[in-house]
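Chemist: The following comprises the amino acid sequence and a computationally predicted model.
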Amino acid sequence: MNTEEYTIQGSCGKYERKCWLIRGPKENTHPLCLFLDAEHYIDVEPSTGNMNALPVIESLLKSEKVPSMTILFITHESGAARHEDYTCNPRYAKFIARMGKEGIPVNHE
């Protein structure tokens, strides 16, 4: 699978997260599948015990067991940031929602 690495920056200036994007088909609309905690799903840092989910996702897409989609993996940066972000934080929810509504605001690395 072709993954593109980016840094996403929130318009509020508070959020900056690394992410990996797998683009869905250009010819039709399709869902966005969002994976928080990218460090646990893809090989961000080798030998960290991650789930190495990309081969499984690729197999599911190729066999059409799941529909075509764009997939975005977002890091949590640190334990403290993860705790703050994932505990009903409206600012973080808005940061995530804007990506789906306005497109993924990225600065390519």
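Modeler: Received, thanks. Everything numeric here is computed off the predicted structure, so don't read it as measured data.
Chemist: From Pro25, how far off is the closest residue to His40 other than its chain neighbours?
Modeler: Closest residue to His40 apart from its sequence neighbours, by Cβ to Cβ, 6 or more residues apart in numbering: Asn50 at 5.4 Å. Heads up, the C-betas are built off the backbone N, CA and C, glycines and all. To Pro25, Asn50 is 27 Å away according to Cβ to Cβ, to the nearest Å.
Chemist: Which one of the two is surrounded by more residues?
Modeler: Neighbour totals were compared for Asn50 and Pro25, and Asn50 leads with 16 against 10 (other Cβ atoms under 10 Å).
Chemist: Contacts only, for that one.
Modeler: When contacts are counted by Cβ atoms under 8 Å, 6 or more residues apart in numbering, Asn50 touches Glu39, His40, Tyr41, Ile42, Asp43, Val44.
Chemist: Also Met1?
Modeler: Met1 neighbours (Cβ under 8 Å, 6+ apart): Ile22, Leu54, Ile57, Glu58.
Chemist: Please tell me the pLDDT value assigned to the first one.
Modeler: Model confidence at Ile22, expressed as pLDDT, equals 90.
Chemist: try the third one
Modeler: The predicted local distance difference test score for Ile57 is 93.
Chemist: Please identify the helix or strand for it.
Modeler: Assigned by DSSP states H and E, Ile57 belongs to helix 54-62.
Chemist: Next, the contact list for Asp43, please.
Modeler: Listed by Cβ under 8 Å, 6+ apart, the contact set of Asp43 reads Asn50, Asn52, Leu54.
Chemist: before we move on, back to that, kindly indicate which of the contacts of Met1 lies nearest Ala93.
Modeler: Of all the contacts of Met1, Ala93 sits closest to Ile22, with 23.1 Å by Cβ to Cβ.
Chemist: who's that closest one bridged to?
Modeler: With DSSP bridges as the criterion, Ile22 is bridged to Ile71.
Chemist: check contacts around it.
Modeler: Applying Cβ under 8 Å, 6+ apart, we find Ile22 in contact with Met1, Asn2, Thr3, Glu4, Ile57, Thr70, Ile71, Leu72.
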